[in-house]
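Participant: have a look; sequence and predicted model below, questions after that.
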Amino acid sequence: MDSLPLELHAQIFEFACTDDGTTARALSLVSHYIREVAAPFLYQSLSISGLKQMNDLCERLATTPPHLRRIRHLFLSDWTAADVRKHTSAPSDMERYDAERSFAARILALAAPTLEALTLVVSCPFTAPPLIGELFATPFPRLADLAVHGFYPFPHTPGALPALRSLRLSGHRNPHGLFQLGSLAAAAPRLTHLRLSDIAAAAPFARELHAAALPHDPSSAAATATGGGVGLAPALPPSLKHVAIDVRRLQQGVHFRGTLTRGLANAHDKMLALLREVELRRGDTALDAFAVAESDGWEMYGELRREWLVGLGIAVEQESL
């Protein structure tokens, strides 16, 4: 170890510090020399969950020079795994929710210039739309992989995600409007992979996707139903080549309160029929792949954190999350 030059030590530490931050923290405790060499990689890869961890990170980043807070890979959740399992929220806790949103937004702003892979889980229903809206309004020049869970607005800021190749969105059962007005293509002009999870009874969205993916006569009923006037017809981003739709099965009394109405079931069936037609006629689209998968749903915190770790090359068992 003593015979290796500093530059080689730094390169070794850079490759080693691509987990959830554990390796970088351990290296910083070895010696003063190792801490100094590993310092540029201390925040390279981070997994942060809950108010306390977000607060602690914000305090550390506030006193860290920009060249030493290069965050490249980030898993960020407003709630801890235990909070997510409880899944309780009340207006009386708004002060806490505001603090969570403020810290999360601050972390995203500080990380934005260097982030390459981001998973954001916003479990609080009161803060998800504004926080995710701030995310999509912030320029991320290097971000290539993005996964978001929470009730999300759509990406809308032109050029905010110029390097984005892969996008996964979860938490919006009927993302009708995602392919309207070209906002997705404007925000992420290099997007090639799109995965939408937790979709259910979303007939309007399915009609929109059907019209965007498959060729239609502008005067047809399908085009008219999706607002197919000149300049208003839905369209897939030109760069998009792979689309995956994760459909949540309807289960009476589990995912929808009250009686599962016939109208809801009909909407779900219509959605599936339209999505399956796009899947069957994929050859008529500009896509290389289109897949529809049904399930009873996922525990998204664990699912997305596992995917984030796998993206770093880390094998992880479900129980360890």
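Facilitator: Cool, the structure landed.

Participant: what are the boundaries of the helices in the stretch 101-250 of the chain?
Facilitator: Along the stretch 101-250 of the chain, the stretches classed as helices by DSSP state H, counting those that start in this stretch are 128-137, 183-187, 203-213, 221-225.

Participant: and Arg282, which of these is closest to it?
Facilitator: helix 203-213 (8.3 Å; Cβ to Cβ). Where C-beta positions appear, they are placed from N, C-alpha and C, glycine not excepted.

Participant: what comes into contact with that closest one?
Facilitator: 174-180, 199, 222-223, 225-226, 228, 233-236, 243, 245, 267-268, 270-272, 274-275, 277-278, 285-287, 290 (Cβ atoms under 8 Å, 6 or more residues apart in numbering).

Participant: can you get me the start-to-end distance on stretch 103-120?
Facilitator: Its start and end residues considered, stretch 103-120 measures 13 Å (Cα to Cα, to the nearest Å).

Participant: please disregard the earlier target; I meant stretch 186-203.
Facilitator: 25 Å.

Participant: show me the strands in the stretch 101-250 of the chain, by range?
Facilitator: Ranges of strands in the stretch 101-250 of the chain, per DSSP state E, counting those that start in this stretch, are 117-121, 145-149, 166-170, 193-199, 242-248.

Participant: could I get these as JSON lines with mean neighbour count and mean pLDDT?
Facilitator: JSON lines is the format used below for the strands of the stretch 101-250 of the chain (neighbours: other Cβ atoms under 10 Å; pLDDT from 0 to 100):
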{"stretch": "strand 117-121", "mean neighbour count": "23", "mean pLDDT": "98"}
{"stretch": "strand 145-149", "mean neighbour count": "23", "mean pLDDT": "98"}
{"stretch": "strand 166-170", "mean neighbour count": "21", "mean pLDDT": "98"}
{"stretch": "strand 193-199", "mean neighbour count": "21", "mean pLDDT": "97"}
{"stretch": "strand 242-248", "mean neighbour count": "20", "mean pLDDT": "97"}
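
Participant: could you dump the ones you listed to CSV with distance to Phe103?
Facilitator: Converted to CSV, the strands of the stretch 101-250 of the chain look like this (distance: least, Cβ to Cβ, whole Å):
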stretch, distance to Phe103
strand 117-121, 13
strand 145-149, 17
strand 166-170, 22
strand 193-199, 25
strand 242-248, 30
